[in-house]
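K.L.:
okay, structure incoming, though there's no sequence with it:
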């Protein structure tokens, strides 16, 4: 496998991503939209998730495709970002047909960034407007690091961020990942700069790091957050033809990538969640073997995307943690 042309989830043809953020609030929203409704599944492994409309993604439910997915900061407030996306999609004529109406289907997941130094003393919840702004910003190319849902993200001792990566498999299928990195745990090994995801890096995409070690168990008492104050939320996507059940299986396998890149991951304090997306462009010739390949590729992409999100983070006023580049690369 090799990275796609942009090394972004949008290497999966037909997908676009939009970001919107507020540096004063230190939070933001990211939207994934398709040229047409797409198949989506979801799998949750964290102990403190925050979601909207994810029940619709079960294979036995009536709705078999969605119009967009939202990743947002803001904890429970951030769930309102999907409302702005719904409003915007309705104006575009998008949505599930109900009589003469259109109802956009926009599942979403949030992370906790309410105690990261930003001004959260708002009179009006900002996330509805952020969601609509992110929808208006959707494009094939988009920025990583301190953008969108990554604006206010943090990890154990470092700023988090928005990450993405892709691969093209030998059979021509593309797989990509998009993630807002905001875990309780650490993305680097011990006290050094090496990313846990270093063994999966491609083309020096996050600093050509070497695998570090050994693992230092003393990191555990210094975890950054309390119950419900973290969460890494992600999307893995492919242009392979998948059912909702198969998309969910790909999302489940992708959690391996999260566990490889964040230590510890899937804690009771995180709401770790992965959406699985299929745009349904390329039929699989060997469904059983290709399902294995897709799950592995999704995990590899997610590991790389997590490291890229932290690597690309930029410093802002009143940050509570340094960026990776500030701490290890000499950036001011």
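P.N.:
That came in fine, so what should we check first? Just so we're clear, the structure is a prediction, and the values are computed from it rather than from any experiment.

K.L.:
in terms of contact, does residue 50 touch residue 113 like I think?
P.N.:
No. At 11.6 Å, residue 50 and residue 113 do not qualify as touching, with contact defined as CB atoms under 8 Å. C-beta here means a position set from N, CA and C on the backbone, and glycine is covered the same way.

K.L.:
can you list residues touching both of the two?
P.N.:
Shared contacts of residue 50 and residue 113 (CB atoms under 8 Å, 6 or more residues apart in numbering): residue 75.

K.L.:
ok, and for the lengthiest helix in the chain, which residues are buried?
P.N.:
As far as residue count goes, and with DSSP state H defining each element, the longest helix of the chain is helix 287-311. Buried residues in helix 287-311, defined by neighbour count with 16 or more other CB atoms under 10 Å: 290-291, 293-311.

K.L.:
which other helices and strands does that helix contact?
P.N.:
strand 161-168, strand 174-181, strand 233-240, helix 244-261, helix 324-328 (3 or more CB pairs under 8 Å, 6 or more residues apart in numbering; DSSP states H and E).

K.L.:
please identify the most buried of those.
P.N.:
Ranked by mean neighbour count under mean count of other CB atoms under 10 Å, the helices and strands packed on helix 287-311 are led by strand 174-181, which reaches a mean of 32.

K.L.:
that strand to helix 244-261, inter-axis angle?
P.N.:
If you take axes from the mean of the first three to the mean of the last three CA atoms, to 10 degrees, strand 174-181 sits at 60 degrees to helix 244-261.

K.L.:
and strand 174-181, what does it pack against?
P.N.:
Here strand 174-181 touches strand 27-44, strand 66-72, strand 161-168, strand 233-240, helix 287-311, going by 3+ CB pairs under 8 Å, 6+ apart.

K.L.:
now render those as CSV, adding distance to residue 149.
P.N.:
Listed next are the helices and strands packed on strand 174-181 as CSV, based on distance: least, CB to CB, whole Å:
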stretch, distance to residue 149
strand 27-44, 4
strand 66-72, 4
strand 161-168, 6
strand 233-240, 7
helix 287-311, 10
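
K.L.:
can you confirm residue 13 is in a helix?
P.N.:
No. Per DSSP: H, G, I helix; E, B strand; the rest coil, residue 13 lies outside any helix segment and is coil.

K.L.:
distance of the nearest residue to it once chain neighbours are set aside from residue 289?
P.N.:
The shortest distance from residue 13 to any non-neighbouring residue, by CB to CB, 6 or more residues apart in numbering, is to residue 239 (5.8 Å). Distance, residue 239 to residue 289, using CB to CB, to the nearest Å: 17 Å.

K.L.:
if I pick the closest residue in space to residue 182 that isn't next to it in sequence, what's in contact with it?
P.N.:
Closest residue in space to residue 182, ignoring its immediate chain neighbours: residue 153 at 3.9 Å, by CB to CB, 6+ apart. For residue 153, the contact set (CB under 8 Å, 6+ apart) comprises 73, 111, 113, 159, 160, 161, 162, 180, 181, 182, 309, 313.

K.L.:
note down every partner strand of the lowest-mean-pLDDT helix or strand in the chain and its orientation.
P.N.:
The helix or strand of the chain with the poorest confidence is strand 96-98; it has a mean of 85 (mean pLDDT, DSSP states H and E). With DSSP bridges as the test, strand 96-98 is paired with strand 101-103 (antiparallel).

K.L.:
any idea how far the strand it pairs with is from the chain center?
P.N.:
Taking the mean of its C-alpha atoms, strand 101-103 sits 27 Å from the chain's own mean (CA atoms, centre = their mean, to the nearest Å).
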